[in-house]
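>>> let me see the structure of the following:
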Amino acid sequence: MMRVAVLGAAILSAATSPAPAQSDQEFPFGLEVTLDAPPKPGSKRIPNLEIDDKGSVRLELWCKGGTGQFSVAGNTVIFVPGTIEDRNCPPDRAQADDALVAALAAATTWSRQGDVVNFAGPQPLRFRLNTN
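This is a model prediction of the structure:
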């Protein structure tokens, strides 16, 4: 009975321990980033990406939302969009959302300096880590 209690305490401790600190040079696996851009007129939303430890992404854009997948090797990055939900968006926000997804898919390299993650491609993108 004592072994079960000790084992349970160890599992609980491991489950509630904070995640190991990530280097400010590593790809932000397991983190959320927000596009470094102002909200669109009439909205407070700013696009963000929730990137899990395996590169799966949940996108919340200016209006649309969806999924995708990052593959990273060194400073090379590939983003493959998944299903994107339309959500009956106004045309200007739908167009901005489509352009952002296309820019992510066209990015070929990435870099990180502290809380800033940059994607380089035909249209450079800058995201900030959500640190709150």
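>>> how about low-confidence regions in this structure?
The chain contains residues with pLDDT under 70 at 1-23.
>>> where along it do the strands fall?
Per DSSP state E, the chain carries strands over the ranges 31-35, 48-51, 56-60, 65-73, 76-85, 109-113, 116-120, 125-129.
>>> other residues contacting the longest one?
Which is strand 76-85. 27, 57, 59, 64-72, 97, 101, 104-105, 107-110, 119 (Cβ atoms under 8 Å, 6 or more residues apart in numbering). From N, CA and C alone the C-beta is placed, and that goes for glycine too.
>>> please apply the same query to the first one.
Taking contacts as Cβ under 8 Å, 6+ apart, the residues outside strand 31-35 that touch it are 22, 46-51, 100, 117, 125-130.
>>> now restrict those residues to buried residues only.
The neighbour-count test (16 or more other Cβ atoms under 10 Å) marks Ile46, Pro47, Asn48, Leu49, Ile51, Leu100, Val117, Leu125, Phe127, Arg128, Leu129 as buried among the contacts of strand 31-35.
>>> now those in TSV, with distance to Asp86?
Output for the buried ones among the contacts of strand 31-35, formatted as TSV (distance: Cβ to Cβ, whole Å):
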residue	distance to Asp86
Ile46	19
Pro47	16
Asn48	19
Leu49	19
Ile51	23
Leu100	15
Val117	27
Leu125	22
Phe127	23
Arg128	27
Leu129	29
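>>> among those, which two are most distant?
For the buried ones among the contacts of strand 31-35, with distances taken as Cβ to Cβ, the pair at the greatest spread is Leu100 and Leu129 (18.0 Å).
>>> just to revisit the earlier point, now for the contacts of strand 31-35, which pair is the farthest apart?
Gln22 and Leu100 (24.4 Å).
>>> residues in contact with the most centrally placed residue in the chain?
Geometric centre of the chain, nearest residue: Leu49, 2.9 Å, by Cα atoms, centre = their mean. Counting by Cβ under 8 Å, 6+ apart, Leu49 makes contact with Glu32, Val33, Val57, Arg58, Leu59, Phe127.
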